[in-house]
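S.K.: everything below, folded, please.
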Amino acid sequence: MAITLTSPVTGATQTGFTLPTYTLTVDTPPNVNGKQYAVTALGGTQTAVDAHSVSKPFTVTFFRPSVMKTLPQANVPTGVIKSIPKNTYKVLTRKGALPAANQIPQINMISTNIDIFAGTDTFEPEDVRAMLSLHIGALQQVAAGLGDTAVTGIL
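M.R.: Residues are numbered from 1 along each chain as shown. A predicted model of the protein is given here:
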């Protein structure tokens with residue numbers, strides 16, 4: 001996999017955080033088709049945030065498909081491919097947090113699925129890259145707003 005995070009990771013802007021950073025260590029992923037990192041230390045100002053622990057995990061995991069799908073042959077008379085398979089990549093971030101005093105930590109999650117239809121990766125790779133560029137750039141641009149929305153419910 002071409003994904004390797006360099007530690008520390010600089011976090012996106014969030015209300016109440018000043019220059020958040022996350023020191024990572026390589027962790028064991030849930031399966032062989034993933035790479036996982038755990039947050040072992042925090043930097044900047046992010047008061048009361050916890051690093052990774054057993055009861056309050058703080059991880060980011062990258063997954064690739066277990067079996068890569070390729071483009072099947074087109075129907076000979078029509079030249080049409082009836083069913084185009086897709087490969088799904090996934091990024092999963094987990095953070096344990098307490099829902100209230102004296103409660104068991106719950107694991108909050110962010111999951112991004114990236115569905116790439118077989119063939120588009122080779123026929124128009126620039127469109128796949130543009131889609132990812134916009135998606136990640138848009139999330140970066142609205143990071144603080146998403147944080148505010150997740151806390152207040154106001155979109």
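S.K.: this protein: helices as residue ranges?
M.R.: 120-123, 125-141, 143-152 (DSSP state H).
S.K.: tell me which of these lies nearest to residue 40.
M.R.: Residue 40 sits nearest to helix 143-152 of all the helices of the chain, at 22.2 Å, using Cβ to Cβ. (Glycine included, C-beta is placed from N, CA and C.)
S.K.: CA atoms only: put the closest one into PDB for me.
M.R.: C-alpha atoms of helix 143-152 as PDB (Å, rounded to 0.1, in the frame of the first residue of the first chain):
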ATOM      1  CA  ALA A 143     -13.100  20.800   9.400                       C
ATOM      2  CA  ALA A 144     -13.900  23.400  12.100                       C
ATOM      3  CA  GLY A 145     -17.500  23.700  10.800                       C
ATOM      4  CA  LEU A 146     -17.900  19.900  10.900                       C
ATOM      5  CA  GLY A 147     -16.600  19.800  14.400                       C
ATOM      6  CA  ASP A 148     -19.000  22.500  15.400                       C
ATOM      7  CA  THR A 149     -21.900  20.700  13.700                       C
ATOM      8  CA  ALA A 150     -21.000  17.400  15.300                       C
ATOM      9  CA  VAL A 151     -21.100  19.100  18.700                       C
ATOM     10  CA  THR A 152     -24.100  21.500  18.300                       C
END
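S.K.: I'd like to know which elements that helix is packed against.
M.R.: Applying 3 or more Cβ pairs under 8 Å, 6 or more residues apart in numbering; DSSP states H and E, we find helix 143-152 packed against no helix or strand.
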